[in-house]
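# I'll drop the sequence and a predicted model, then ask my questions.
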Amino acid sequence: MTPAASEQHAYADVDVLRRTWSSKPGLMGWLSSINHQEIGRRYILTAFFFLLVGGLEALLMRLQLARPENTFLSAGRYNQIFTLHGTTMMFLFAVPVMEGMGVYLVPLMVGTRNVAFPRLNAFGYWIYLAGGLFLYGCVFFNMIPDAGWFAYPPLSGPQFSPGKGVDAWAQMITFTEISALCVSVELVVTILKMRAPGMSLSRMPMFCWSMLVQSFMIIFAMPAVMMASTVFLLNDRTLGTHFVNPAEGGDPLLYQHVFWFFGHPEVYIIFLPALGMISSILETHTRRHIFGYPALVLSLVGNGFIAFGLWVHHMFATGLPQIGEAYFTAASMMIAITSGVQIFCWLATLWSGRLQPTTAVHFVFGFIFIFVMGGMTGVILASIPLDLQTHDTFFVVAHFHYVLIGGALFPLFGAFHYWFPKLTGRMIDERLGKLSFWILFVGFNLTFFPMHWLGVVGMTRRVYTYIPGLGWGPANLMATTGAFLILLGGIIFISNALRSRTAGARAGNDPWEASTLEWEAESPPAPYNFANLPVVTSRTPLWTPLAERPIVIGMREDRREILITNVLDAEPHHRSVQPRPTLWPMLTALGFAIGLAGSIFAFSWYYVASVLGMIGLIGWFWPERPLRVDP
Amino acid sequence: MRQSMWHASGLNAEHIHQLGVVFGLLLSTIFLIVVGVALLSVRRRHRGFDQERLEGSHEPSARTEARLRWIVGVATGVTILILFGLTIVSVSVGKVISASVAPAGSLFVDVTGTQWWWKIRYASDDPSRILQTANEIHIPVGRPVAIRGNADDVIHSFWVPNLQGKRDLIPGRTTLEWLQADKPGEYRGQCAEFCGLQHAHMAFWVIAEPPDRFKAWFEQQLQPAVEPSDEDQRRGKEIFLKSGCVLCHAIRGTDAGAQIGPDLTHFGSRKTIAAGTLWNTKGNLAGWIADPQNIKPGTHMATVPIGSAEMQPLIDYLESLK
């Protein structure tokens, strides 16, 4: 599919390109790397580590709930663990892993050499890593948050949650949201301004569309959580402000509104990239272009907008005026339309394509089954009367695990199998892959399906135990059994990945004969991504006959040059030179991290953060001669 | 013992249950259709679909695409109609069950959530007919009961699934919901909003009785506590009044008048102790008084040192407070 090597060499001097774009060798090179592939891989690996941690926390909870009045965990420990589980999964796994996939794939998919702001990209990763280490560092010193992952005041306020646990939680969110904002800004610019010539918006891969919408959502949603967790809660706790503390005249409902103004879009921030992944996997494995591209794009954008209009369905039980309730019910129902359109388009794609049942496709089917069921329970939760019964019960726990695991984790695992050859240069074992899929699928449903029923028969969420007479024991035991099946599936998944990384068959550039540009790069891609920057003439560039696929010439290879194109039609605009690798983003992140971590103990540490951050930024932006290698 | 929205025993819960059945049947059907179509697509191998082979791909013909567009369009239209219908049904049921004004003739009960039990207060214009109790709400069958919710400390949520959906109790605000039991029965409720360490052990009971029995109960509860009827109970009362118990608890008709813990005037008539944690038996009560932290770790009930010789009379007295 790709031009022969000799043909590539006719235009590009890959040796010079390699020297220009490689990171420096050794530890310093590793720490100073600003290559999007390396940063993306780090995001993904770190996030998977936190997935493992969050998963083990879930197992502890399931053990405690396996039978009534179990004493495996104390009340306090259980409350800490479910808080850590939710926090870890939402902030340290789900968002970062999607960001990592975007950072890795988007530049390859749009046919450029790096993300728009490579140093910001590195900074974003380091600050995310610092946030994760900070939270679990606090855990190590027994400063463990225990007010739930949305930490409603006044329970999370100074009076009812003494100690530093909730402060650690609130400040960890500062870290991860800075990181998410960094990634979203650079992805927006990468997608809008750095696409290969000819890749007009209407030819952009669905995954890039989903990352674009997701990034805009982050830009609008994350400042709200900063407002809630840092400005309101942390300041109420550490400075004695009166935003949301009713004892001081504050309003606890204000916190809920602002938090869910972020919190509901957050779900779509996690879920939209997964939709893009589904489209990529399906297009390749049905051997046809994705059905209904304009409808899919409009639905994504629609999802992005509507997601900001339904936060109140998390607060129906607080008692709103009727007119507001009707509005938010309608908005919550509306999101089912845009989601439905996407499902229909994929079904049409499946129906009319020639399906290849790879592991990735298995996970897509797992997605359809689980996510659609989660969507149906979502419609139930949008109805106020039904929500008033099911809210804060295990029915809701079942619902959001169906939409988040079904809607994001299964597509992510599918994407992992699909892009594994690109990431590692090796094929992943399909037999083990399918085995892990089936165990995960059965384990998932065994764990979470009974929870619907538990909610209906009255089991509230976040209880560390329950009394025997209510008949909740057997379903809970079933869920706990399922949790261990999920663990087994996870172990097979991990060992398959580890084994295939070295023992898998060599993949070649394009093992699936896929349609999008990332498969034109080597596997794993060279540091410069493409020897010759591609020019795009269709929506499925790699399915375009080779003779109709021009390349960009005239770019300098001895410095880090990228091509900037215009927003709508991707017409070449100018060449831009990217900065060289440097330690400063890492050092700046370290400075901020020290200051922010200290600030939960004393306000003066904010000065430390400012001074250290300032020093870091001065180093970062110190004028320098662009990197130049000898030809 | 049931705490289930599936076993509706009250007007509003019945409405919600019926709505749930409509939603459940419709949505399950849609789910089965979607999954069915997905699975069928695996089995089919393009019968009747002519394809042109592009390089590496198999694009369907324009005719197939047009047909699919039509089907997807119809499916979307049907989805919109169904959701529109569900929205209307849902909002109209919502108007009935979560009215912001209680129906005329309602019995007003103030419920205050506090870590980790429920203060119950039957409102009345006549101060002598205000009744204060805890963790157990008796209501007359067939009459609407307006629950005015409040919270002392953190946010709690009042929920009796057999009778009605939940309503949050928020410090500094008064929330309102109303419920009505249609048949006599004892319905368990539980705090639904995470409220700290012992959120799991913050239950209560709603006991629905025929109006005359309710009236009898109410009149009886308005009375001060009964006087001890034997020597043991008399000694128990003395122990109660001399010990730390009186720092938090009230027993009307005695000198104990503190309002920090649950009112114990008619303690012996209640089903459970420690907000639904234990059945109200002498053995459980002894265990609870001797070591509350063991039974409900973190509870604000203090461990009051009661000698083993004093425990029996104290329990006899408390259990006599019918």
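That came through fine.
# C-alpha only now, for contacts and for neighbours.
Noted.
# so residue A:433 sits against residue A:359, correct?
Yes. If you go by Cα atoms under 8 Å, residue A:433 and residue A:359 touch, sitting 5.7 Å apart.
# so what sits against both of those two?
residue A:417 (Cα atoms under 8 Å, 6 or more residues apart in numbering or on different chains).
# for the residue nearest the centre of chain B, give me phi and psi.
Residue closest to the mean C-alpha point of chain B, counted by Cα atoms, centre = their mean, is residue B:159 at 2.1 Å. Dihedral pair for residue B:159: phi -150, psi 120, per degrees, to the nearest 10.
# which pLDDT value belongs to it?
The per-residue pLDDT reported for residue B:159 equals 96.
# got the domain boundaries for chain B?
Domain assignment of chain B by automatic domain parsing yields the ranges B:107-221, B:231-320.
# got these as CSV, with distance to chain A columns?
Compiled in CSV, the domains of chain B are given as follows (distance: least, Cα to the nearest Cα, whole Å):
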stretch, distance to chain A
domain B:107-221, 4
domain B:231-320, 7
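# need the winner for burial among the ones you listed.
domain B:107-221 (a mean of 22; mean count of other Cα atoms under 10 Å in any protein chain shown).
# quick one: terminal-to-terminal distance for that one?
End-to-end distance of domain B:107-221: 16 Å, with Cα to Cα, to the nearest Å as the criterion.
# so residue A:472 makes contact with residue A:454?
Yes. Contact criterion Cα under 8 Å: residue A:472 and residue A:454 qualify, at 6.6 Å.
# and the next helix or strand past the helix or strand containing residue A:381?
Using DSSP states H and E, residue A:381 sits in helix A:359-382. On the C-terminal side of helix A:359-382, the closest following helix or strand by DSSP H and E is helix A:384-390.
# around chain B, pick out the residues from the stretch 401-550 of chain A.
For the stretch 401-550 of chain A, the residues in contact with chain B (Cα under 8 Å from any Cα of the partner chain) are A:456-458, A:460-467, A:469-470, A:513, A:543-545.
# what's the top helix by length along chain B packed up against?
Longest helix of chain B, by residue count under DSSP state H: helix B:62-97. Counting contacts by 3 or more Cα pairs under 8 Å, 6 or more residues apart in numbering or on different chains; DSSP states H and E, helix B:62-97 packs against helix A:322-352, helix A:384-390, helix B:11-43.
# hmm, 10 Å instead?
helix A:322-352, helix A:359-382, helix A:384-390, helix B:11-43, strand B:51-54, strand B:175-179 (3 or more Cα pairs under 10 Å, 6 or more residues apart in numbering or on different chains; DSSP states H and E).
# comparing these, which gets the lowest mean pLDDT score?
Per-stretch mean pLDDT for these is lowest at strand B:51-54 (a mean of 47).
# what about the helices in chain B?
Under DSSP H, chain B gives helices at B:11-43, B:62-97, B:211-222, B:231-242, B:282-290, B:292-295, B:308-320.
# mind putting the ones you listed in CSV, distance to residue B:257 included?
Formatted as CSV, those follow (distance: least, Cα to Cα, whole Å):
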stretch, distance to residue B:257
helix B:11-43, 37
helix B:62-97, 38
helix B:211-222, 15
helix B:231-242, 10
helix B:282-290, 19
helix B:292-295, 22
helix B:308-320, 15
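# number of nearby residues for the closest residue to residue A:227 other than its chain neighbours?
Leaving aside its sequence neighbours, residue A:227 sits nearest to residue A:258 (Cα to Cα, 6 or more residues apart in numbering or on different chains; 7.3 Å). Using other Cα atoms under 10 Å in any protein chain shown, residue A:258 has 20 other residues around it.
# got it, and residue A:516?
Using other Cα under 10 Å, residue A:516 has 23 other residues around it.
# and it, how far from chain B?
12 Å (Cα to the nearest Cα, to the nearest Å).
# I'd guessed that residue sits against residue A:509; true?
No. Residue A:516 lies out of contact with residue A:509 (Cα atoms under 10 Å); the separation is 11.8 Å.
# follow-up on the earlier one: test my guess that the residue nearest to the centre of chain B contacts residue B:118.
No. The criterion here is Cα under 10 Å, and residue B:159 misses it with residue B:118 at 11.8 Å.
# any low-confidence regions in chain B?
For chain B, the stretches with pLDDT under 70 are B:45-58.
# contact residues of the stretch 151-300 of chain A facing chain B?
Within the stretch 151-300 of chain A, the residues that sit near chain B (Cα under 10 Å from any Cα of the partner chain) are A:151-157, A:159-161, A:245-247, A:249-253, A:283-292.
# mind listing which of the residues you listed are in helices?
Under the assignment DSSP H, these contribute A:252, A:253, A:283, A:284, A:285, A:286 to helices.
# quick check: buried residues in the host helix or strand of residue A:279?
Using DSSP H and E, residue A:279 falls within helix A:252-286. For helix A:252-286, the neighbour count (16 or more other Cα atoms under 10 Å in any protein chain shown) marks A:252-253, A:255-286 as buried.
# quick check: mean pLDDT of stretch A:579-597?
Averaged across stretch A:579-597, the pLDDT comes to 95.
# can you check stretch A:174-194 too?
On average, stretch A:174-194 scores 96.
# and it, C-alpha only, in PDB?
Extracted in PDB, the C-alpha atoms of stretch A:174-194 (Å, rounded to 0.1, in the frame of the first residue of the first chain):
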ATOM      1  CA  THR A 174      -5.900  20.600  39.900                       C
ATOM      2  CA  PHE A 175      -3.000  18.600  38.500                       C
ATOM      3  CA  THR A 176      -5.100  16.400  36.200                       C
ATOM      4  CA  GLU A 177      -7.200  19.200  34.900                       C
ATOM      5  CA  ILE A 178      -4.100  21.300  34.000                       C
ATOM      6  CA  SER A 179      -2.800  18.200  32.200                       C
ATOM      7  CA  ALA A 180      -6.100  17.700  30.300                       C
ATOM      8  CA  LEU A 181      -6.300  21.400  29.300                       C
ATOM      9  CA  CYS A 182      -2.700  21.200  28.000                       C
ATOM     10  CA  VAL A 183      -3.600  18.200  25.800                       C
ATOM     11  CA  SER A 184      -6.900  19.600  24.600                       C
ATOM     12  CA  VAL A 185      -5.300  22.900  23.500                       C
ATOM     13  CA  GLU A 186      -2.600  21.200  21.600                       C
ATOM     14  CA  LEU A 187      -4.900  18.700  20.000                       C
ATOM     15  CA  VAL A 188      -7.300  21.400  18.800                       C
ATOM     16  CA  VAL A 189      -4.500  23.300  17.200                       C
ATOM     17  CA  THR A 190      -2.900  20.100  15.800                       C
ATOM     18  CA  ILE A 191      -6.200  19.000  14.300                       C
ATOM     19  CA  LEU A 192      -7.300  22.400  12.900                       C
ATOM     20  CA  LYS A 193      -3.900  23.700  11.700                       C
ATOM     21  CA  MET A 194      -1.600  20.800  11.000                       C
END
